[in-house]
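**Student:** missing the sequence, but the structure's below:
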């Protein structure tokens, strides 16, 4: 899909954009500390299933009182060896359904990462289960906001979600990717616009890396500046036809922006031309 066929960075002007009819959001933070505390609410509002690179990574993977002379690692290298599987090379990710085949196979320099919430590190959810999981991710919001987001989830008519996590071989970057298939392309574009609007409504988030070849259908945001933290996060969202793509990354400062951008670019290109980016 070429850039010429895409709408602009924030997506089309549709009913899905943040508007007076959109779910209420917390007021824009007036200081960095408050921005950090509101990150879980933001992540819930962007409708992402339990994310390894999201709120948990931002608040838990930090090295609160670790020896400053010891290199930070996000995830210890596993000694577990995957057994042979008739589905193919499991270490690069399963490709046994139409949706799972769209996930980028684990590239060189990475391995499968930790579980994404309760969904495993390489899995697929039905539309019903994905809808329930997305509603569960909204539980950190106030009642009125949560009910509004639950209604939005129902209106998406989700058909399925494929999830995969990746960890860099040197343990300094952790990324998860979620591909959601919906009933119609308009719902996908509306969600893209809504997600961007949520991040823009909070003053603390920084502009993230751009994705070459996909500047009009992919957007990334960096976590707010915080000199005390040794972990940074990047959140990206993109779309392609009836597919919505969400990427969350966590890494030691300074986070590998180029690495995250390249992984997302390869993921989007893999959707367009499966088999060429493996």
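**Tutor:** Structure's in. What do you need? The structure presented is a predicted model; accordingly, all values stated were derived computationally and were not measured. Numbering: from 1, shown residues only.
**Student:** what number of residues lie near residue 205?
**Tutor:** 21 (other C-beta atoms under 10 Å). For every residue, glycine as well, the C-beta is placed using N, CA and C.
**Student:** show me where the stretch 151-278 of the chain has strands.
**Tutor:** 158-168, 173-182, 206-207, 218-222, 231-240, 243-252 (DSSP state E, counting those that start in this stretch).
**Student:** what does the third one contact?
**Tutor:** Counting by C-beta atoms under 8 Å, 6 or more residues apart in numbering, strand 206-207 makes contact with 220-225, all of which sit outside it.
**Student:** now with 6 Å?
**Tutor:** residue 222 (C-beta atoms under 6 Å, 6 or more residues apart in numbering).
**Student:** So in that sheet, which strands flank it, and in what orientation?
**Tutor:** When pairing is defined by DSSP bridges, strand 206-207 lines up against strand 218-222 (antiparallel).
**Student:** ditto for the second one
**Tutor:** For strand 173-182, the pairing partners within the sheet under DSSP bridges are strand 158-168 (antiparallel), strand 243-252 (antiparallel).
**Student:** Turn those into a markdown table, columns for mean pLDDT, distance to residue 269 and mean neighbour count.
**Tutor:** A markdown table is the format used below for the strands paired with strand 173-182 (pLDDT from 0 to 100; distance: least, C-beta to C-beta, whole Å; neighbours: other C-beta atoms under 10 Å):
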| stretch | mean pLDDT | distance to residue 269 | mean neighbour count |
| --- | --- | --- | --- |
| strand 158-168 | 94 | 16 | 24 |
| strand 243-252 | 93 | 12 | 26 |
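**Student:** related to what we said a few turns ago, and the strands of the stretch 151-278 of the chain as a markdown table, adding distance to residue 136?
**Tutor:** Below are the strands of the stretch 151-278 of the chain laid out as a markdown table (distance: least, C-beta to C-beta, whole Å):
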| stretch | distance to residue 136 |
| --- | --- |
| strand 158-168 | 13 |
| strand 173-182 | 14 |
| strand 206-207 | 28 |
| strand 218-222 | 23 |
| strand 231-240 | 19 |
| strand 243-252 | 16 |
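**Student:** among those, which is nearest residue 130?
**Tutor:** strand 158-168 (4.1 Å; C-beta to C-beta).
**Student:** contact partners of the closest one?
**Tutor:** 52, 75, 93, 99-100, 103, 110-111, 113, 116, 119, 121-127, 130-131, 174-182.
**Student:** re earlier: kindly reformat the strands paired with strand 173-182 as CSV containing distance to residue 272.
**Tutor:** Output for these, formatted as CSV (distance: least, C-beta to C-beta, whole Å):
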stretch, distance to residue 272
strand 158-168, 16
strand 243-252, 10
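**Student:** Now list the buried members of the contacts of strand 158-168.
**Tutor:** 52, 75, 93, 99-100, 103, 110-111, 113, 116, 119, 121-125, 127, 130-131, 174-182 (16 or more other C-beta atoms under 10 Å).
**Student:** Out of the strands paired with strand 173-182, the one nearest residue 270 is which?
**Tutor:** Judging the strands paired with strand 173-182 by C-beta to C-beta, what sits closest to residue 270 is strand 243-252, at 10.6 Å.
**Student:** what's the spacing between the residue nearest to residue 101 when sequence neighbours are not counted and residue 254?
**Tutor:** Using C-beta to C-beta, 6 or more residues apart in numbering and skipping the chain neighbours, the partner closest in space to residue 101 is residue 95 (4.5 Å). Using C-beta to C-beta, to the nearest Å, we find residue 95 at a distance of 33 Å from residue 254.
**Student:** between the strands of the stretch 151-278 of the chain, which gets nearest to residue 199?
**Tutor:** That would be, of the strands of the stretch 151-278 of the chain and by C-beta to C-beta, strand 218-222, which comes in at 4.7 Å.
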